[in-house]
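Visitor: Requesting a structural model of the entry that follows:
(2 chains)
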Amino acid sequence: MTDLTRLSAADLSILLTSGAVSSVEATQAHLDHIAAVDTDVHAFLHVAGASALAAAAAVDAQRAAGAVLGPLAGVPIAIKDVLATRDMPSTAGSKILEGWIPPYDATVVRLVREAGLIPLGKTNMDEFAMGSSTEFSAYGPTHNPWDLDRIPGGSGGGSAAAVSAFEAPLALGSDTGGSIRQPAAVTGSVGVKPTYGGVSRYGAIALASSLDQVGPVSRTVYDAALLHDVLSGHDPLDSTSLTDRWPSMAAAAIAGRVDGALTGVRIGVVKELSGPGFQPGVLQRFNETLAMLVAAGAEIEEVSAPSFEYAVAAYYLILPAEASSNLARFDSVRFGIRVDPEEGPLTSERVMAATRDAGFGPEVKRRIILGTYALSAGYYDAYYGSAQKVRTLIQRDFDAAFEKVDVLLSPSAPTTAFKFGEKMDDPMAMYLNDVTTIPANLAGIPGMSLPMGLAPEDGLPVGLQVMAPAKQDARLYTFGAAVEQLLEAHWGHTLLSLAPKLAPTEMFASEGGAV
Amino acid sequence: MKKAELMDYDKALELFEPVLGFEVHVELNTKTKMFCGCANEFGQGANTNTCPTCLGLPGGLPQVNAKAIESSIRLGLALGCEIAEYSRFARKNYFYPDTAKNFQTSQYDEPIAFNGQLTIELESGRQVTIDIERAHMEDDAGKLTHVGGATGRIQGADYSLVDYNRGGVPLVEIVTQMIEGGEADSPEIGRTYVAAIREIVKALGVSNARMEEGNVRCDANVSLRPRGSGKLGTRTETKNVNSLRSVERAVRYEIQRQAALLAAGGTITQETRHWHEDTGITSAGRPKSDADDYRYFPEPDLVPVAPSRAWVEELRATLPEPPAARRKRLQADWGFANLEFQDVVNSDLLDAVEATVAAGASAQSARKWWTGEVARLANVAGVSADSLVEPMQLAALIELVTAGTLTDRLARQVLEGVIAGEGTPLEVVEIRGLAVVSDDGPLIEAIDLALASQPDVLAKIRDGKVQAAGAVIGAVMKAMRGQADAARVRELVLERAGTAE
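Guide: Prediction:
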């Protein structure tokens, strides 16, 4: 029998729609696989076996009753722990929210449930999405399915590892400076950061409000498009949500598979997003991909974005500033853990301080301190104010580039997956890992990462980043699907089919099977 | 400072010039809160009108209440302000348990309304123009209740309870420019200014404007400048002064307190102060420096508010007559003496009298009834006079008196019936059988009987001692249980006495 966990969401959907497979079977297969491999991978912080099977049975019953269901009805999905779920703990990878079950669903979670998708559980992440490796999760890191000694990227390493370890065909991620795209790159999966405002942020535990965006994580471009169609649209609960009507991303992806889809496409290569500091194997695969695109009829032009030089610096002022304020609410008064000071009077101020001291990890504290400083009277203009100006300049660089080209390409990350501990003592090195992804967040434009091969020197996945103008998310899917088809035709298989097979761990099945 | 240690008020003014400033918070009466869909009402159980947004739960996001923007713009226009073409919310960051997000969503350098003016008139007739620096929107904090301890304040309390029902309620904060030249009138300026704001928001209908419920709250800034000095003194900010009289008293107290301190060579600490209604004094709160750092930055979860000029003009057209102008007009229309008019205004019965006059009553009788019998009954019942009876009903009652159907005494009984819910005045007259007996038949019968039973009185009347008729009139009125017009009875008594033979 087909291993249901190896199917794309689209292929699984065909079997579910035809009745060949029930959602309960598909869900059970994924729960079994999670039980088998997640002790090693640790993609999940919480597995909701019973409620997943109940939701699957409900979809099966609807289908049996002849209900017309959406294309992803009955397909399992993993949910990043940054999203509020009314039936599962939502900790954002932080001790301070240990065991907290929100009284409400994030809008994207509600949409996913309404579309009949089956939430399997919550995925690991760097605490409050601060990090590029999941090493800052309060609950231990997630391991890269390609090499368990290496990071799966971050902050959304859990979601990326879940799909690349075949624990779920789809996952929800959030991307503030690359938290969907960089993990996709280093795990050989696909991840999309939609246009800012394209997907509701209501119920996404905020890191940096002006940068955060929820998006799809998957193994194929088309699967990401199917999920994107579920997520996008105006949400009155999110004031920054766009009121635009969005075209079908799935249709856009299908358009990319037509012969000649790449002919005449104008591609810009951002000069500042490659070169020194980039791993040779990453650049090699990037250049090979460009050559194949030219061969397929695309036109390539180098574009310069001089302000990108300041992007990381500006980002690490804007993000901590907003985060320092967003994270102020974690004070023990209404939710989350409470820690009393060891001695002295129990004033609210002292309890707040003790709770935050015990509940936040080192990276969160670092960024709160940075942000508090950057917003302080007398420093605001020099730091936050200047950073906002840089942001405007970066938007102008993108505007200028997109006057000449249809899409911009770069490697999704400067390196392949690094080893645990390698950058823990060097925040700057960790921050610079996001140099490629940060500009899109600062400008609010959509970006995608899809696999473009393995780096020869370490055999690890390399990601291609595609960026399009704001609101042109559909262009990412058309182009991304075309590139994916071009590369897979060249390889003769999907990239993830090369991932090492994970050995099942017997122990976990009885513990976490939750069936 | 004990009252005995205060400097004499006149002496204080001799030495110092008071400089004032006011921050008035107006709670808007929108149906829902400022940034979420929760009901803007109290009286429910604690924390019942809450949601992820106003509880500051992780993932909650704000949405701006359009009605609150509209109310803020109308209020800004009524205060003569310019309305910003582009206005933003900002986060004011500070940790306190009544502030769910640990930041207040307020406005900083881009308020919705700015540069206004309000002219107030003091009792002496002196006109004072107050410059309004800005009116900005923000959300209210929750309510803390300190349990344990004697004072109900946080000091000495065992624990505190938080009710977030008020958290997120829309506020407009109106900030004045520095007010100089108030001199001895300074306390009255404070009271009159807050009264004027209260009147304006009430006339606009944007707030319930009940100070006792905290709908309008005043922070009073007071500093003293030594005569002849160009340098401003250090100010104090007395928080949450919640009645008009208290504003006046608090300003006066601070002038006397600061003067005593300064004259003794002391210095004023820049701080907030608490007003104590019972003892009439202020006490030190927390130090407040100009360098307090709230780390303001533009609220990234909200888009800017950019009201179109057309909309602003549309809203301007909805503004009611300014309360001060309306008062002038009404006093002239009604021909009230100053004291009569002040009585109506101070009793908060301007609307009621106006509506009663509109319903057909004469201005004087409307005033007399509202400030007299209705106010008396309301006082007994412990409610506001205008909540006791509808102006239409009172006008109908007055009409019955004017027509002679009711005497004043009967009308008071009818009013009680109306208030008791027995029906309209006419219905109460019928049900209770209270109409004046205007048919002479029953009167003549009663008079003849009375005259017959008091022949000595009859004789006196016939002798021309008309005042003796009083005894007969009294007997007749008693027989008629008061339901007779005494003047008519007198006429008839004299008539019957003359023709009795």
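Visitor: Hmm, B:Pro322 is touching B:Leu77, no?
Guide: No: using C-beta atoms under 8 Å, B:Pro322 is not in contact with B:Leu77; the gap is 10.9 Å. C-beta coordinates here come from the backbone N, C-alpha and C atoms, glycine included.
Visitor: Who has more neighbours out of those two?
Guide: More crowded of B:Pro322 and B:Leu77, by other C-beta atoms under 10 Å in any protein chain shown: B:Leu77, with 22 against 17.
Visitor: Not counting sequence-adjacent ones, nearest residue to the more buried one?
Guide: Excluding its sequence neighbours, the residue lying closest to B:Leu77 (C-beta to C-beta, 6 or more residues apart in numbering or on different chains) is B:Arg316, at 5.2 Å.
Visitor: What pLDDT is listed against the one you found?
Guide: Model confidence at B:Arg316, given as pLDDT, is 97.
Visitor: That one - how many residues pack around it?
Guide: The burial count for B:Arg316: 13, using other C-beta under 10 Å.
Visitor: quick one: it and B:Thr119, what's the gap?
Guide: 19 Å (C-beta to C-beta, to the nearest Å).
Visitor: List the contacts of the residue in the stretch 1-150 of chain A that chain B sits nearest to.
Guide: Ranked by C-beta to the nearest C-beta, the top residue of the stretch 1-150 of chain A for proximity to chain B is A:Ala84, at 4.3 Å. Listed by C-beta atoms under 8 Å, 6 or more residues apart in numbering or on different chains, the contact set of A:Ala84 reads A:90, A:102, A:104-106, A:109, A:203-205, B:52, B:57-59.
Visitor: from these, which single one is nearest B:Leu415?
Guide: B:Pro52 (51.3 Å; C-beta to C-beta).
Visitor: correct me, but that closest one touches A:Pro103?
Guide: Yes: using C-beta under 8 Å, B:Pro52 is in contact with A:Pro103, at 7.1 Å.
Visitor: If you count surrounding residues, which of those two has more?
Guide: B:Pro52 (21 against 12).
Visitor: measure the more buried one to chain A for me?
Guide: For B:Pro52, the distance to chain A (C-beta to the nearest C-beta, to the nearest Å) stands at 5 Å.
Visitor: which residues does the nearest residue to that residue once chain neighbours are set aside contact?
Guide: Nearest non-adjacent residue to B:Pro52, counting by C-beta to C-beta, 6+ apart: B:Gly60, 3.8 Å away. Applying C-beta under 8 Å, 6+ apart to B:Gly60 gives the contacts A:Tyr202, A:Gly203, B:Cys36, B:Cys51, B:Pro52, B:Thr53, B:Cys54.
Visitor: Quick check: B:Gly60 is in a strand.
Guide: No: under DSSP: H, G, I helix; E, B strand; the rest coil, B:Gly60 sits outside any strand and is assigned coil.
Visitor: secondary structure class for B:Pro18?
Guide: What three-state DSSP gives for B:Pro18 is strand.
Visitor: Sticking with B:Met1, tell me its helix or strand.
Guide: Assigned by DSSP states H and E, B:Met1 belongs to no helix or strand.
Visitor: same check, this time on A:Leu476
Guide: helix A:473-491.
Visitor: could you list every residue that touches the nearest residue to B:Ala84 once chain neighbours are set aside?
Guide: Nearest residue to B:Ala84, sequence neighbours excluded (C-beta to C-beta, 6+ apart): B:Ile112, at 5.6 Å. By C-beta under 8 Å, 6+ apart, the contact set of B:Ile112 is B:Ile69, B:Ser72, B:Ile73, B:Gly76, B:Ile83, B:Ala84, B:Ser87, B:Ala135, B:His136, B:Met137, B:Val305, B:Pro307.
Visitor: Can you flag which of those residues belong to helices?
Guide: Residues from the contacts of B:Ile112 lying in helices, with DSSP state H as the criterion: B:Ile69, B:Ser72, B:Ile73, B:Gly76.
Visitor: Which one of those residues sits in the busiest neighbourhood?
Guide: Counting by other C-beta under 10 Å, B:Ser72 has the largest number of neighbours within the ones in helices among the contacts of B:Ile112, with 30 neighbours.
Visitor: Would you mind measuring from it to chain A?
Guide: Counting by C-beta to the nearest C-beta, the gap from B:Ser72 to chain A is 17 Å.
Visitor: Equivalent analysis for B:Lys2, please.
Guide: Noted for B:Lys2: a distance of 30 Å to chain A, by C-beta to the nearest C-beta.
Visitor: Now do that residue: how many residues are near it, please.
Guide: 7.
Visitor: how far away is it from B:Gln256?
Guide: 11 Å.
Visitor: same deal with B:Pro322?
Guide: Where B:Gln256 is concerned, B:Pro322 sits at a distance of 34 Å (C-beta to C-beta).
Visitor: Neighbouring strands - and their directions - for the helix or strand harbouring A:Gly215?
Guide: Here A:Gly215 sits within strand A:214-218, counting by DSSP H and E. In the sheet, strand A:214-218 lines up against strand A:170-174 (antiparallel), strand A:190-193 (antiparallel) (DSSP bridges).
Visitor: so which of these is the most packed in?
Guide: Most buried of those, by mean neighbour count (mean count of other C-beta atoms under 10 Å in any protein chain shown): strand A:190-193, with a mean of 33.
Visitor: residues in contact with it?
Guide: Under the criterion C-beta under 8 Å, 6+ apart, residues A:156, A:160, A:173, A:175, A:178, A:180-181, A:183-184, A:213, A:215-221, A:223-224, A:228, A:437, A:440-441, A:446-451, A:473, A:476, A:480, A:484 lie in contact with strand A:190-193.
Visitor: Who does residue 119 form a beta bridge with?
Guide: Let's take chain A. With DSSP bridges as the rule, A:Pro119 is bridged to A:Ile77.
Visitor: actually chain B
Guide: What pairs with B:Thr119, by the bridge criterion (DSSP bridges), is B:Thr129.
Visitor: count of neighbours near the closest residue to chain B within the stretch 401-515 of chain A?
Guide: Residue nearest to chain B within the stretch 401-515 of chain A: A:Gly444 (11.8 Å; C-beta to the nearest C-beta). Neighbourhood size, A:Gly444 [other C-beta under 10 Å]: 21.
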